[in-house]
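Chemist: Starting from these lines, generate the structure:
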Amino acid sequence: MTLLGAHVSIAGGYHRAVERGADLGLPVIQIFSKNQVRLISNAPDASVFDRYFRTRDAHPEVRMICAHGSYLYNFASPDDSLAGRSIESLCGELRIGERMNIPYLVVHPGSHMGEGEIGFDAFRFIMNDKQFLSLPKIIETPKKRNGNDMDRKNIDVLLGLVENDAKCGK
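Modeler: Presented below is the predicted three-dimensional model:
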């Protein structure tokens, strides 16, 4: 069965996103797990998660929730500080997703800003480090530019960096 969903706002709390999805009759929703225009954020407290799970239990028609990572990630940045903060922020978002039983996180890996390639080291770390092995991920790559099919090329390169073949369906 094909499921169609939409990105819904978390304004007012994660529980409100579930309610919005249910109100729209959506079986799938995508949310930001934190403020998408801030790289580093504080983790929500337990009461936020409790209310979220009560609302999810009350709305089984919302069958799946996916998350979208910060727009500020740049694992490929030539600025080591930005790349490091991007990884730190991603770690926080993955932990929030794990806490919320959200199976997928959409991430844009960033730009090398003309000084290299896509963020190989950061991607290898995210896909292979033991703290992330149990967490599924979705990685988006750049789209077709100037007639070049960057998606296929980047996906092939990224798949080659994953040590656990079963994680990618290889």
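
Chemist: CA atoms for contacts and neighbours, from now on please.
Modeler: Noted.

Chemist: And the strands in this protein?
Modeler: Ranges of strands within the chain are 5-7, 28-32, 64-68, 105-107, 138-139, based on DSSP state E.

Chemist: Who are the packing partners of the first one?
Modeler: Meaning strand 5-7. Under the contact definition 3 or more CA pairs under 8 Å, 6 or more residues apart in numbering; DSSP states H and E, strand 5-7 sits against strand 28-32.

Chemist: tell me the angle the strand it packs on makes with strand 64-68.
Modeler: Here strand 28-32 runs at an angle of 30 degrees relative to strand 64-68 (axes from the mean of the first three to the mean of the last three CA atoms, to 10 degrees).

Chemist: and strand 28-32, which strands flank it?
Modeler: Sheet pairing of strand 28-32 (DSSP bridges) gives strand 5-7 (parallel), strand 64-68 (parallel).

Chemist: For the last one, what does the pLDDT average out to?
Modeler: Regarding strand 64-68, the rounded mean pLDDT is 91.

Chemist: one step back: turn the strands of the chain into CSV, columns for distance to Cys91 and mean neighbour count.
Modeler: What follows is the strands of the chain, written out as CSV (distance: least, CA to CA, whole Å; neighbours: other CA atoms under 10 Å):
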stretch, distance to Cys91, mean neighbour count
strand 5-7, 22, 16
strand 28-32, 14, 22
strand 64-68, 13, 22
strand 105-107, 11, 21
strand 138-139, 14, 14
